[in-house]
Structures are given as C-alpha cells and as structure tokens.
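[1] A structural model of the following input is requested.
(chains A and B)
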Amino acid sequence: MSAVVEPEVRAPPAAWRSLTQINPKRSLTLCAIGAVAGLAAAGAALFTAHGTTTLVVPAEDVALVNGQAVARSDYLAGLRALYDASPSEATPAQRRKVLNDLITEELMVQRGRELDVAAVDPDVRAATVNAVEQSVAADALTRIPPPEALRAYYQAHKDRYADEGVIVARDLVFPPAAATAAAEALAAGRPVEAVLAQFGGRDSGRTKGEEFYFAARIHLGGAVFDAARATTSGGVAAPVSQPDGVHLVQVLRNRAPIPLSYEAALPSVRDDYTQAAVKRLQAQHADFLRKRASILVASDLK
Amino acid sequence: MEDHPSRRRWRAAVLAAVALSLLGGLALAGKLASDRLMIADPDALAPDAATVRLARARGAIMFREHCAACHGADGRKEPARGAADLADRDWLYGSGKTSEIEGVIAHGIRAEAPKTWKLADMPAFGRARPSAADPTLQPLAAGEVSDLIDYLQALENRRRDTPGAERGRAVYTARGCHDCHGGDAKGDPGIGAPNLADDIWLYGQGSREEIRRSLLDGRRGRCPAWAGRLSPGEIRELALYVHSLSESAK
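    Numbers count the residues shown, from 1 in each chain, chains lettered A, B, ... in the order given. Got it, this is the predicted structure:
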C-alpha cells in the first residue's frame, strides 16, 4: 500500500498585514494603541486646560490659589511697583515677597467672597459696580469708531465744537439818573475817565483784560455779559440795571466763538463719541440685568 | 515588482501616522516654546533668539489687526489721533521696557479697566471747569494762553528771549503746569505727561493753533485694554513686536 502523501497545506497569507482581511489581533492591538493615545491626550488636557483643577500652574500664571490663578502680569507689575525691578533683577527675597503678597491677597479675596462682604461694605459695592461698568465700557473702547459715524456725530453736535469767544471790556457803573447821558457820552467817543468823572461813575474792576466768554460771564454776571456779547468791538453795551447802579460795558474787542472744522475738532469728537457709546452700552447692560432679574418692590414704594 | 494593494494601504497608514505624530510634535513644541516665552523675564529676552523672532512675527500680525488703526501700519506717529510714535525711543509712558509695554497693552491707558494707566488728564484750560478731578483748578485767561504758547514754542526752538515767552514761563510756573510736565518741562513718563522741551509733538506738529487746542480743550488720549481679548501669550508677543519697532531707532 502506497502511502498517501497529503498535499502540504500552506498557511494563508498573514492576515495581520493584509488590510483586506479581518484580523482580530490586529483590531485589538490598534484599538489599544488608540485608547492609550486618547487617554494620554485627555490626561494632558485635563491637567493643563484653563479653568480646571490642575496640578500644573499654567505658564501665564505664577500660582493657583484654590484653583484660582494669580496672573504673571500682576507678579511683574508688583515687582516693578515695589522694587522697580524685573524678575531677573530682583533678589529671591523680593520675588518671594511679591509672590506671597499676591497669594495672601487672593486668599483674602476668596474669604471676602465667602463672607459676602459686597453685601455690606459700601466700598466693595462701589468698586464692584465700577468694575462691572468698566468691563461693559471696554467693548466700546476697543472698537475703532468708523469715520462716517464720527462725522455724523460732529454734524449732530456741531455747536459743541467751537473756539471760545474772547472779549476785552470795561464794566462801568453809573448812578441811575446819569446813566443815559453817560451812555451817550461814551457812544460819542469821549474818553472813559472823563465820562466817569463827569457822571459820578466808577469802574467795577470785574473784568481782567482779555477774557474768554465763559470767564467774562462769570466775572460780569449773566445779564451784563449778554449785553456785552451782543456789542461789536468799539461799542458800548445797552445799559443793565443792577442793585449797585447801571452797568455800561465799553467793549474794546469782541471776537465771537469760531466753529471748529471737523479736522480740528476730531480728537474731541472721537472722545465724545466714545463716551456716548460707553454710556449707551452701560445703560443697555443695566436694562438687560433688570430684565433677567426678579425684582420685588415694597408695596408702599410701588 | 508590482506593489500589493495591501502594502500600499499599510504605507499610507504609516505615512498618516507619521504626519499626525509630526503635527502633534510641532504643536507640543509650539506650546513648550510659548510657555518658555511666558515664564522668561520679558526684559531679559535675547532679541535674536528663535522663540523671540517667532513671537515678534506673530506680534506683527496682531499689531496690524488690533493696533494699526490708531498707530499706523508701521507704528509711526499719527498726529491727528495723538497716537504716540512707537518706532522712536521717546516713550510717553515708562521707559520702553518690554514689561512696561506689555502692561500698557494689557490694561490700556484711560481704558475704563481696573488696572489701566490713568493718573492724569491734561486739563481743558479754556473751559470754566478745566478739570473734573480737581475742582480748584482755574481756567487760563486768553492772554495767558497766548503767552504759554510763546513759551512752549520758545522751548522747542531753545529761545527764551521774547517778552511773551518770559511771561509764559511765569504762567507755566504759577499755574502749576510743572506739576505734571516738570520744572524743566521735560515731562513725566510715570504719568504720561509729554516732554515739552523737545521737538516731538504728540498732537500735531507744534503749530500755534495745535498747542492752543491742547491748552483750551485738554487732552485725554486713550489706548484700549486688551487683557481678556488677547491671551497673555499674545500680549507678550505683541509687546515684543512693539519693542522691536524702536530698536532700530537712534
């Protein structure tokens, strides 16, 4: 009997290498590699992500106090303020002192929150209100106003942007009975000193040479200033009766306010526009807070 | 030799894995470099270090995006805005250290931010109440304004011989201008009071009318606070770039 020779059964091509065939070992291995890589990435993110509990202090901070960051910029500012030094210039003791001060401050702030000091301390309340308003205002300040908006603002508030008027005048006071004759004499161009002497008048001394309109208004009073402002250079203002006599203002020079061009007024326009935007944003923010709040007002105040 | 399809797929998979590893490595290296930059003393960074050069390049992009609208694309003076020239060595606030620049970028100037640089405003001496902060401050008379302009222009030209300039000098002293600008009119970088004795003008070019406007209307230049809008790392990069602008200046 002849022996039957079994044909040699060759192993199939290694399925591990063939991506066209399913191989459970390969699947498990790749799955394990993926899981390990995923866990590593998640772990790294967990310990470095901002705002999570972590054992690593982020590079932009110098400490974490109960998870709350103490910013490196505050540390640098502290060194600069206390010792006028950068970290490399400061001594180890100076660096420790600034760091410890910042940590203590943070601990106090956290304790303050626990004690709810903002509820009772007016200074803390005022500072909190101010800080919130500032944070709202910051949005308006970082935005560059478009030129057309600035120009429109200027057009709408043009009367604000004028060079202050300037006046040089003498405020003369006469007895009521002599005022009309004194006014005529002054208008006729007679010397002031002679008119004062003839009609028993005096210089009130309220004016001080060349003055801006606002200063002249303060010095002369509203009624006398208005009469003076309406008078051209070289003229005598209409008489104004006051308790101390009749005031006649001799206007030596009167230059009315000159409106400023857009270009000349631009720095002020930009400032005013930004301030108006800040006020608008703050008002909107206060409205928003009111709308989302539950506010009960005592019945006697409704 | 013919490439088996399975082998081609393996090769693609290996290439993808290598590319992913490289990307991951680059991201990690970037993060480590950024962390090193943050931890380093900003005033002691070597300007030619690769990290600093990279940071400046990134800072330049941010500058164009956030700062160029006021300071100009090259950081040169914008006289109409009163935005300081960042490319010279005349610093309005501080002495031009990177850490100081970083502070200004983060907290701004008169920026309605808690840590902003806001110690003084130039009063509007042409108004009935020149300063809201100091109710005792009195306005200037028209003649005093004129004399002060004479004095300031004489300072710039190094001439003090005109009668107006002499009177202006007396006004400068008597009305407390020296409180902010100093007895020698050389300014105070601690509060951002400009040097009035050099030929660098923050607003305009030093013409009579421009000085007059500064005296009458006051000045309150602002720079926004970028903390919270830019990350601390970005602020440092921006500060390094701004600092670099002045390095080539005389």
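[2] how does chain B divide into domains?
    Domains of chain B are assigned by automatic domain parsing as B:29-118+B:223-245, B:142-217.
[3] what's the distance between the helix of greatest length in chain B and the middle of its chain?
    In chain B, taking DSSP state H as the definition, the longest helix is helix B:5-39. Relative to its parent chain, helix B:5-39 has a centroid offset of 39 Å by Cα atoms, centre = their mean, to the nearest Å.
[4] For that helix, buried residues please.
    By neighbour count with 16 or more other Cβ atoms under 10 Å in any protein chain shown, helix B:5-39 contains the buried residues B:6, B:34, B:37, B:38. Where C-beta positions appear, they are placed from N, C-alpha and C, glycine not excepted.
[5] can you check stretch A:114-128 too?
    Buried, per 16+ other Cβ under 10 Å, within stretch A:114-128: A:117, A:118.
[6] what about it, near chain B?
    No - contact of stretch A:114-128 with chain B (Cβ under 8 Å from any Cβ of the partner chain) is absent, the minimum separation being 8.5 Å.
[7] what is residue A:210 paired to in the beta sheet?
    Taking DSSP bridges as the rule, residue A:210 bridges to residue A:168.
[8] what's the burial count for it?
    Neighbour count for residue A:210, taken as other Cβ atoms under 10 Å in any protein chain shown: 20.
[9] got it, and the one 3 residues further on?
    For residue A:213, the tally of surrounding residues (other Cβ under 10 Å) stands at 21.
[10] Now for it: which residues touch it?
    Shown in contact with residue A:213 (Cβ atoms under 8 Å, 6 or more residues apart in numbering or on different chains): A:164, A:165, A:166, A:167, A:225, A:229, A:257.
[11] taking the residues you listed one by one, which sit in strands?
    Judged by DSSP state E, strands contain the following of these: A:166, A:167.
[12] residue contacts, residue 85?
    You didn't say which chain, so I picked chain A. Going by Cβ under 8 Å, 6+ apart, residue A:85 touches A:79, A:94.
[13] sorry, should have said chain B
    Counted by Cβ under 8 Å, 6+ apart, residue B:85 has contacts B:75, B:76, B:77, B:200.
[14] Surely the last one is within a strand?
    No - the assignment for residue B:200 (DSSP: H, G, I helix; E, B strand; the rest coil) gives coil, which keeps it out of a strand.
[15] you'd agree it is up against residue B:90?
    Yes - counting by Cβ atoms under 8 Å, residue B:90 is a contact partner of residue B:200 at 5.2 Å.
[16] quick revisit: mean pLDDT and distance to residue A:213 added to the domains of chain B, as TSV?
    Shown next, in TSV, are the domains of chain B (pLDDT from 0 to 100; distance: least, Cβ to Cβ, whole Å):
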stretch	mean pLDDT	distance to residue A:213
domain B:29-118+B:223-245	89	26
domain B:142-217	88	10
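[17] The ones you listed into CSV, with extra columns for distance to residue A:17?
    Formatted as CSV, the domains of chain B follow (distance: least, Cβ to Cβ, whole Å):
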stretch, distance to residue A:17
domain B:29-118+B:223-245, 33
domain B:142-217, 71
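[18] tell me the SS of the spatially most central residue of chain A?
    By Cα atoms, centre = their mean, chain A has its centre lying nearest to residue A:137, at 5.8 Å. Of the three states, residue A:137 takes helix under three-state DSSP.
[19] what about residue A:251, distance to residue A:94?
    Separation of residue A:251 from residue A:94 (Cβ to Cβ, to the nearest Å) stands at 66 Å.
[20] which of the two has more neighbours?
    More neighbours surround residue A:251 than the other of residue A:251 and residue A:94, with 20 against 16 (other Cβ under 10 Å).
[21] Check which element follows the host helix or strand of that one along the chain.
    Assigned by DSSP states H and E, residue A:251 belongs to strand A:245-255. Remark: after strand A:245-255, the chain's next helix or strand is strand A:258-259, criterion DSSP H and E.
[22] chain center to that next one: distance?
    For strand A:258-259, the separation from the chain centroid amounts to 29 Å (computed by Cα atoms, centre = their mean).
[23] contacting residues around that strand?
    A:158, A:161, A:162, A:163.
[24] Tell me the one of the residues you listed nearest chain B?
    Taking Cβ to the nearest Cβ as the measure, residue A:163 is the one of the contacts of strand A:258-259 closest to chain B, at 7.3 Å.
[25] Quick check: residue A:61 vs chain B, distance?
    8 Å (Cβ to the nearest Cβ, to the nearest Å).
[26] could you list every residue that touches that residue?
    Contacts of residue A:61 by Cβ under 8 Å, 6+ apart are A:69, A:70, A:71, A:72.
[27] For it, give me phi and psi.
    For residue A:61, the backbone dihedrals are phi -120, psi 160 (criterion: degrees, to the nearest 10).
[28] Find the residue closest to it in space, skipping its chain neighbours.
    Leaving out its chain neighbours, the residue that sits closest to residue A:61 by Cβ to Cβ, 6 or more residues apart in numbering or on different chains is residue A:69, at 4.1 Å.
[29] ok, now residue B:52?
    Once flanking residues are discounted, residue B:52 sits nearest to residue B:45: 5.2 Å by Cβ to Cβ, 6+ apart.
[30] Repeat that for residue B:51.
    residue B:33 (5.0 Å).
[31] And for residue B:241, the neighbour number?
    The burial count assigned to residue B:241 is 25, neighbours taken as other Cβ under 10 Å.
[32] quick one: pLDDT of residue A:147?
    Residue A:147 carries a pLDDT value of 89.
[33] And residue A:26, by the same measure?
    The model reports residue A:26 with a pLDDT of 80.
[34] Give the burial count for residue B:60, as a bare number.
    By other Cβ under 10 Å, the residues close to residue B:60 number 19.
[35] Check which helices and strands the top helix by length along chain A is in contact with.
    Determined from DSSP H, the single longest helix within chain A is helix A:262-292. The contact analysis (3 or more Cβ pairs under 8 Å, 6 or more residues apart in numbering or on different chains; DSSP states H and E) places helix A:262-292 against helix A:122-142, helix A:147-156, helix B:208-217.
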